[in-house]
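> Predicted coordinates and the sequence they were generated for:
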Amino acid sequence: MQKIKATLLNNAMLLALLAGAVSSQQALATTQLNITGTIKASPCIVDGDSGNGIDVDLGNNIQASTLAAASSFSDWKPFNLTLTDCPVTTNVVTATFSGLPATENTALYRNTGDATRVQVELQDAANNNMGDGKTMTTNVNHSLNNAVFALKARAFSSQGGATPGSIVGTVQVAFVYQ
């Protein structure tokens, strides 16, 4: 009986040592934490946008006769798309323009108003077309804490023969800050 107790005691100590060895190996295991993140430039505020966008009025007196011939157009309506309260860490802003392209000319935007045979043309001040997918980059003026995109818009008739009615064009502008 003494011998059985000694054998059981030896086996119990052996199991305890083995358990300790196993737990010691687990305690020695190491791992690595890979901590990542991205710092983004803070956005500026779009001046004049109260949540419904910015209105650009082409006027209420565009004569149908002005848009009677193919490739005819109304007068340009110049305007600034201004971003204010730009953080000091933001140096450059890129605007990407997108909207429903006109079927007659994909460099123009589709008129969803009830005037027919009319499109909307959007350009920058240097006469570069700002149709769907085009981008424009400007520097932040740190003394004024703003960025200004000088643009202009007009009614355009690719085919001519425009009919009286409303002109409605919608252009989305997405900004990337650097």
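Noted; the coordinates are in hand. Numbers count the residues shown, from 1 in each chain.

> Helices of the protein, start to end?
For the chain, the helices defined by DSSP state H occupy 2-28.

> those strands in it, which residues are they?
Ranges of strands in the chain, per DSSP state E, are 45-46, 72-73, 77-84, 92-99, 109-110, 119-124, 135-139, 147-157, 171-177.

> The ones you listed: which one's closest to N61?
strand 147-157 (11.5 Å; Cβ to Cβ). Every residue, glycine included, has its C-beta placed from N, CA and C.

> Tell me the spacing between P78 and Q119.
Going from P78 to Q119 by Cβ to Cβ, to the nearest Å gives 19 Å.

> So which of those two has more stuff around it?
Remark: of P78 and Q119, Q119 carries more neighbours, 25 against 13, as counted by other Cβ atoms under 10 Å.

> Would you confirm that the more buried one contacts L108?
Yes. In this structure, Q119 is within contact of L108 by Cβ atoms under 8 Å, at 3.9 Å.

> can you list residues touching both of the two?
Counting by Cβ atoms under 8 Å, 6 or more residues apart in numbering, the shared contacts of Q119 and L108 are 102, 156, 158.

> The first one: how many residues sit nearby?
Translated: A102. Using other Cβ under 10 Å, A102 has 21 other residues around it.

> Make TSV out of the shared contacts of Q119 and L108 and add distance to A41.
Shown next, in TSV, are those (distance: Cβ to Cβ, whole Å):
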residue	distance to A41
A102	34
F156	35
S158	39
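
> Relative to S143, which of these is nearest.
F156 (37.0 Å).

> What is the burial count for the closest one?
As a burial measure, F156 scores 24 neighbours (other Cβ under 10 Å).

> Next, the contact list for it, please.
Contact partners of F156, counting by Cβ under 8 Å, 6+ apart, are 67, 71-74, 105, 108, 118-121.

> at 6 Å instead, please
By Cβ atoms under 6 Å, 6 or more residues apart in numbering, the contact set of F156 is 73, 108, 119, 121.

> Return the members of those residues classed as buried.
Buried by 16 or more other Cβ atoms under 10 Å: 73, 108, 119, 121, out of those.

> List the beta-bridge partners for V92.
Under the criterion DSSP bridges, V92 forms beta bridges with N139.

> my guess is it meets Q178, correct?
Yes. The pair V92 / Q178 is scored as a contact, 4.5 Å apart, by Cβ atoms under 6 Å.

> can you pull the contacts of Q63?
Counted by Cβ under 6 Å, 6+ apart, Q63 has zero contacts.

> Tell me how far it lies from T96.
From Q63 to T96 the distance is 34 Å (Cβ to Cβ).

> Dump the C-alpha coordinates for stretch 99-117 into PDB.
Coordinates of each C-alpha in stretch 99-117 appear next as PDB, following Å, rounded to 0.1, in the frame of the first residue of the first chain:
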ATOM      1  CA  GLY A  99     -23.200  64.500 -62.900                       C
ATOM      2  CA  LEU A 100     -25.500  63.100 -65.600                       C
ATOM      3  CA  PRO A 101     -23.700  63.700 -68.900                       C
ATOM      4  CA  ALA A 102     -25.800  65.100 -71.800                       C
ATOM      5  CA  THR A 103     -26.500  62.500 -74.500                       C
ATOM      6  CA  GLU A 104     -25.600  65.000 -77.200                       C
ATOM      7  CA  ASN A 105     -22.200  65.800 -75.800                       C
ATOM      8  CA  THR A 106     -20.800  64.000 -72.700                       C
ATOM      9  CA  ALA A 107     -18.600  67.100 -71.900                       C
ATOM     10  CA  LEU A 108     -21.900  68.800 -71.000                       C
ATOM     11  CA  TYR A 109     -24.400  68.100 -68.300                       C
ATOM     12  CA  ARG A 110     -27.900  67.000 -69.000                       C
ATOM     13  CA  ASN A 111     -30.800  69.400 -68.600                       C
ATOM     14  CA  THR A 112     -33.500  67.800 -66.500                       C
ATOM     15  CA  GLY A 113     -35.700  70.900 -66.800                       C
ATOM     16  CA  ASP A 114     -38.500  71.100 -69.300                       C
ATOM     17  CA  ALA A 115     -36.700  73.100 -71.900                       C
ATOM     18  CA  THR A 116     -35.600  70.700 -74.700                       C
ATOM     19  CA  ARG A 117     -32.500  70.500 -76.800                       C
END
